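>>> Model the structure of this input:
(chains A and B)
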Amino acid sequence: MADSSSSSPLAGLIKSPSLMALAAIVAAAAVFLVLQAANDPYTFLQALMKSFGLGAVYALIALGFVLIFKATQVVNFAQGALAMSGALFVSFMVSDGHIPFTTIRNPLVDMSPSWLGWFLSVLVALAVAAILGLIIERLTIRPMVGEPLFSVAVLTLGLEIFLRVFNNDAVKIEFRSLEVPWGVDGFNIGEAFVSWSYIAAMITAAVAFVAVFFFYRSRMGIAMRAVAYDQEAAMAQGINVGRVFAIAWAAGAVLAAIGGIFATQPPVAQTGAVQVETQLIAFRTLPAVILGGLDSVQGALIGGLIIGFAEIMAGQYASGQTDILGAGYPLIVPYVVMIIGLLIRPYGLFGTPEIRRV
Amino acid sequence: MKYWKRIMALLMAMAMIAAACGGSDDSSDEAEDSGSDTEAAEETADDDEAMEDDEAMEEDSDEAMEEDAGGEIATDIGVDDEVIKVGYNTDLSGIFAGLTTQILDGSEAYWEIVNENGGIAGRMVEPVVLDNAYDVPKHLENYEKFAGEGNDGVVIFGTSTGSPHTAATAEDLVKDDLIAIPLSWYSGWADPAIGQNVFEVQTNYCLEAINAVTYMSENHGSTAAIISFPGEYGQDGAQGAKIAAEALGLEIVYDGEGAVVPGSDQTPVITELVNSEADFVFATLNPSTLAEIMGGAVGQGYTGMWTGSSPTYNFQLLGTDLGPALDQYYIHSTYTALWNTDDTPGMTAMVEGMRAKRPDAPVSDTYIQSWIGGYIVQAILEQAAANGDMTRAGVVAAANEVTVDLQGLAPNQTWSGDPNDYVVRESYLYDVTLDTFTPEGTVSDEGAGTGFTLLDGPYVSDTAANYAYESACFKAS
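As a prediction, this is how the structure comes out:
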């Protein structure tokens, strides 16, 4: 299997009847969508924009997974709790009007124009999220350098539960508003409704991916790639592995927080408020991470967009088939797509074949 | 380097302080102190105002004491000459902890007032609280302690949180001569074959749905969409909606019974709702899922009205981006009067009691459940005392005799006779109004409100009045 994966995927596909069948299913779905688009272009456009919005949220969170994995070889199962924590920090800043964990009043909430105050408050909240990432890394991950990766992965699962308890305690049954300036408003393209939050998520994802693209070409980025390739060799070359770990965790926590903010917005949620369900977004993102490839930045983007597209289109056009598919079929769709992708590319669409996975 | 170490030390200290603050609220304390909670029994605060205001409680207590003075009272587990232990097998750390800890807080405030007025039959009421974490095995584990003869042994359950949790103890309740008041409104509880010692309070999901759909058909159109979670909660409500639709000749243009799976993308349900163009939607969901579906549908231009089983809606949704849409399109259906929306004796007593005992508690409708539960347990125990038998068997017998006056907080309650005769059929319908909602009000704020204006209630539709109750509207296969 390892050999076949290194050869042309198309060649492997032609040799395998099961892959041929899968390709036929994908082709049929594509033809179906084209027909739907021709029949009712506005409904298709509406669903398409929604899928891009969801895909952008998935891509942002997937990028956090990938950054941490590339640096530390660990899947961070605490990403969902970090997402919720980050969104909570924003809520503390803009809704409660104080700096997280303090009683110091946030002066930015009085700033005019209000959207600028909100934006700057979010930046402060993201800085707090980064500090949280640094603390977690220093206290729990750094001491585990050189230890079995499985142990570290399970440790992050423990972190998820630990953070979740504090998050849930802060939220209780309330809906903690983030007071996002665009709220649930949107605009129409013909008869198609497009939420501003879709656009905001797409723009934010684009900025994040461009920033990461350039980061990997910086001195620290090259050091991170070296550490990902071989920790011991990197240390022998004088690279501060601990610092690389810290930066990866801080960046991962910030990306999780950004994803958490968008997880309170359409199309993921409609309240614009943090709820206990907010942290589930990371687990919904996992198929995108795996599909794209755990160690691939472009894989996070493409995987997120593919899973978002599949989930929304299946929800839109198969909604009348719940008698056959079951009521919860949108939950399954991302995993079906992921499995199809892994059958063709076992290490993800853009993943590196050598990597070990937990 | 030293500088960074200091920064790290400072941040760690901040994190530890934050952690300490986060864990110091009442619910956490209660969870840790999972043994006997003697706080209410020992409370001797001088809140004369609350004592005077709660005349009904005082009179009832006095009557019971007189009865006690007249003769010996038989007791066994959970009652002695000084204390009556009431069990609360409830969620202090699970998914409903935010809700149930508020209800528990109100219950403890209620018993503090009762105790200050002399208790029941001269005995102080001691709430025994154990955390089930909304976990069935944990609930059963707790049950064994409550049912046993140790320190946690009780004579009655004031709250048994969770439908599957309570169902798991249904047979044991009969065996142990215990009764439980469930924090669940499944229509099966009134069926002796399902919950013989489970004493359901107020309208069940099914009859509530019948009333709500009838009200909507009278005021908002004749085509309905039904959406619900799968299971005893969701589908009990959905079945009630269908019973009403059939009786009224309504057209169900989208049947989404059991179609809403929490945690998944709700595009299929939103698509079907929008395409259905129903005049109104009846939902049996939770608040966050309602928000996701309603927000999505309204965003796509759906303008039908919405209602749903309680607790599909939570007043705190009004503080979110969805507030204006809820104000415009949502009618709230529930089983009780809501916080400070009328001036019945029960409402007055509850508001003043909470202000005296928990002045800083957030304004909430959950305390009505606390007071209703308190009235019921008190009435049952006083009847048992009057009968001279406060053994567990005596309490079960007393529960089958009483009619509880809920002082206007909800329709009066009895469990004697044929379930078809005593199931509660009244419910309440409220308009959701953004301008009466105060996001961060406390119970002490005179003007604090949860955003409701009463439309009709206690309301009994003809459909509900004529419905012959025989067993649960929905039974899991």
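>>> ok, and the helix or strand in chain B with the lowest average confidence?
helix B:26-32 (a mean of 37; mean pLDDT, DSSP states H and E).
>>> So, low pLDDT: which residues of chain A?
A:1-15, A:18, A:173, A:354-358 (pLDDT under 70).
>>> quick one, longest helix in it?
Identified as the longest helix of chain A according to DSSP state H is helix A:41-72.
>>> and whichever helix or strand comes after that one, what other elements does it pack with?
Moving toward the C-terminus from helix A:41-72, the next helix or strand (DSSP states H and E) is helix A:79-91. Here helix A:79-91 touches helix A:41-72, helix A:114-136, helix A:149-171, strand A:176-177, helix A:241-262, strand A:273-274, helix A:281-292, going by 3 or more CB pairs under 8 Å, 6 or more residues apart in numbering or on different chains; DSSP states H and E. Glycine gets a C-beta too; all of them are placed from N, C-alpha and C.
>>> by contact count, what packs against the fourth one?
The one in question is strand A:176-177. Judged by 3+ CB pairs under 8 Å, 6+ apart, the packing partners of strand A:176-177 are helix A:79-91, strand A:273-274.
>>> distance of A:Ile25 from B:Val298?
35 Å (CB to CB, to the nearest Å).
>>> my guess is B:Ile156 meets B:Leu173, correct?
No: contact between B:Ile156 and B:Leu173 fails when scored by CB atoms under 8 Å: they sit 10.4 Å apart.
>>> Please identify which of those two sits among more neighbours.
Comparing B:Ile156 with B:Leu173 by other CB atoms under 10 Å in any protein chain shown, the one with more neighbours is B:Ile156, at 27 against 22.
>>> mind listing what that one touches?
Applying CB atoms under 8 Å, 6 or more residues apart in numbering or on different chains to B:Ile156 gives the contacts B:Gly78, B:Val86, B:Gly87, B:Leu178, B:Ile179, B:Val377, B:Ile380, B:Leu381, B:Arg392, B:Val395.
>>> so how far is B:Asp105 from it?
Remark: distance between B:Ile156 and B:Asp105 (CB to CB) = 20 Å.
>>> how about the nearest residue to the residue sitting nearest the centre point of chain A, chain neighbours excluded?
Geometric centre of chain A, nearest residue: A:Ile61, 1.7 Å, by CA atoms, centre = their mean. Excluding the flanking residues, the one nearest A:Ile61 by CB to CB, 6 or more residues apart in numbering or on different chains is A:Gly259, at 3.7 Å.
>>> That neighbour: neighbouring residues, count only.
A total of 35 residues lie near A:Gly259 under the criterion other CB under 10 Å.
>>> Over to the one 5 residues further on?
By the criterion of other CB under 10 Å, A:Thr264 has 30 neighbours.
>>> Check which element follows the strand or helix carrying B:Ser288 along the chain.
According to DSSP H and E, B:Ser288 maps onto helix B:287-299. Using DSSP H and E, the helix or strand that directly follows helix B:287-299 along the chain is strand B:305-308.
>>> so what does that following strand touch, helix or strand wise?
Contacts defined by 3+ CB pairs under 8 Å, 6+ apart place strand B:305-308 against helix B:205-220, strand B:280-284, helix B:287-299, strand B:330-334.
>>> now the angle between helix A:41-72 and the third one, please.
Inter-element angle recorded for helix B:287-299 and helix A:41-72: 140 degrees (by axes from the mean of the first three to the mean of the last three CA atoms, to 10 degrees).
>>> how is chain B carved up into domains?
Following automatic domain parsing, one finds the domains of chain B at B:26-202+B:343-411, B:205-334+B:427-466.
>>> gap between the first one and the chain center?
For domain B:26-202+B:343-411, the separation from the chain centroid amounts to 13 Å (computed by CA atoms, centre = their mean, to the nearest Å).
>>> for stretch B:233-247, same thing?
Mean-position distance between stretch B:233-247 and its chain equals 21 Å (CA atoms, centre = their mean).
>>> what about dumping the CA coordinates of that stretch to PDB?
The C-alpha trace of stretch B:233-247 is given here as PDB (Å, rounded to 0.1, in the frame of the first residue of the first chain):
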ATOM      1  CA  TYR B 233     -38.600  14.400  25.000                       C
ATOM      2  CA  GLY B 234     -38.600  15.400  21.400                       C
ATOM      3  CA  GLN B 235     -41.000  12.800  20.100                       C
ATOM      4  CA  ASP B 236     -43.500  13.100  23.000                       C
ATOM      5  CA  GLY B 237     -43.900  16.800  22.000                       C
ATOM      6  CA  ALA B 238     -44.000  16.000  18.300                       C
ATOM      7  CA  GLN B 239     -46.700  13.300  18.900                       C
ATOM      8  CA  GLY B 240     -48.800  15.800  20.800                       C
ATOM      9  CA  ALA B 241     -48.500  18.300  17.900                       C
ATOM     10  CA  LYS B 242     -49.700  15.600  15.500                       C
ATOM     11  CA  ILE B 243     -52.600  14.700  17.800                       C
ATOM     12  CA  ALA B 244     -53.700  18.300  17.700                       C
ATOM     13  CA  ALA B 245     -53.200  18.700  14.000                       C
ATOM     14  CA  GLU B 246     -55.300  15.600  13.300                       C
ATOM     15  CA  ALA B 247     -58.000  16.800  15.600                       C
END
